[in-house]
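*Asks:* sequence-free structure coming up:
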């Protein structure tokens, strides 16, 4: 609907507005830091349900909220309500549950750090690990750095060992593989 038409509607004038800089967002929303739920406590538009947890989902399964004709992922609004400013980077759900918006489960990180916390690629493969099964040999797993250089670390008999080697290497730890030390 066109913004000029919305402004002419009778209900629109009677409803308070959230400022464009969202400085007054706390007047409209309440955030429960333990459960991660966010509730409207004051009407921002005609169809706002008060004191009901916001449960609208975007196409990737994150909770979303519409404010001033713009859609936000709810975890970013949780951060804003807690700290009074939008996050600098991306919000990482520490436990990997994108619906858990408890403040203890959210952290402001770079995109790279957020990807490292992601358990799997979309195709189900673990970051930094490639499965090898050539010439009827026993299956082995190659570990790689997930940093820009994609350095090969070594082969491991199971996927978990390869993943651990990749994570340790990316964290700057020494990795031992078949009597070789990789730094």
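*Replies:* Looks like it arrived, so ask away. Please read all numbers here as calculations on a predicted model, not as lab measurements.

*Asks:* pLDDT score for the residue lying closest to residue 63 once chain neighbours are set aside?
*Replies:* Leaving aside its chain neighbours, residue 63 sits nearest to residue 74 (3.8 Å; criterion: CB to CB, 6 or more residues apart in numbering). Every residue, glycine included, has its C-beta placed from N, CA and C. On the pLDDT scale, residue 74 is placed at 94.

*Asks:* Look up how far residue 97 lies from residue 74.
*Replies:* Taking CB to CB, to the nearest Å as the measure, residue 74 falls 13 Å from residue 97.

*Asks:* Neighbour count: those two, which is higher?
*Replies:* Between residue 74 and residue 97, counted using other CB atoms under 10 Å, the more crowded position is residue 74 (26 against 11).

*Asks:* need the contact list for the more buried one.
*Replies:* 38, 54, 62, 63, 64, 65, 101 (CB atoms under 8 Å, 6 or more residues apart in numbering).

*Asks:* do the same with residue 143
*Replies:* 128-129, 152-156, 161-163, 165-166, 169, 175, 177 are the contacts of residue 143 under CB under 8 Å, 6+ apart.

*Asks:* Let me know the secondary structure of it.
*Replies:* Put simply, residue 143 is strand when judged by DSSP: H, G, I helix; E, B strand; the rest coil.

*Asks:* For beta bridges, what are the partners of it?
*Replies:* As for beta bridges, residue 143 partners with residue 129, residue 154 under DSSP bridges.

*Asks:* tell me the pLDDT at it?
*Replies:* What the model reports for residue 143 is a pLDDT of 81.

*Asks:* Likewise for residue 48?
*Replies:* We have a pLDDT of 78 for residue 48.

*Asks:* The nearest residue to it once chain neighbours are set aside and residue 151: what is the separation?
*Replies:* Nearest residue to residue 48 in three dimensions, chain neighbours excluded: residue 40, at 4.8 Å (CB to CB, 6+ apart). Residue 40 is 50 Å from residue 151, where distance means CB to CB.

*Asks:* Just the helices from the protein, written as ranges.
*Replies:* Using DSSP state H, the helices of the chain run over residues 3-8, 10-14, 74-83, 111-117, 159-170.

*Asks:* Can you flag the weakest of those by average pLDDT?
*Replies:* Least confidently modelled of the helices of the chain is helix 10-14, at a mean of 41 by mean pLDDT.
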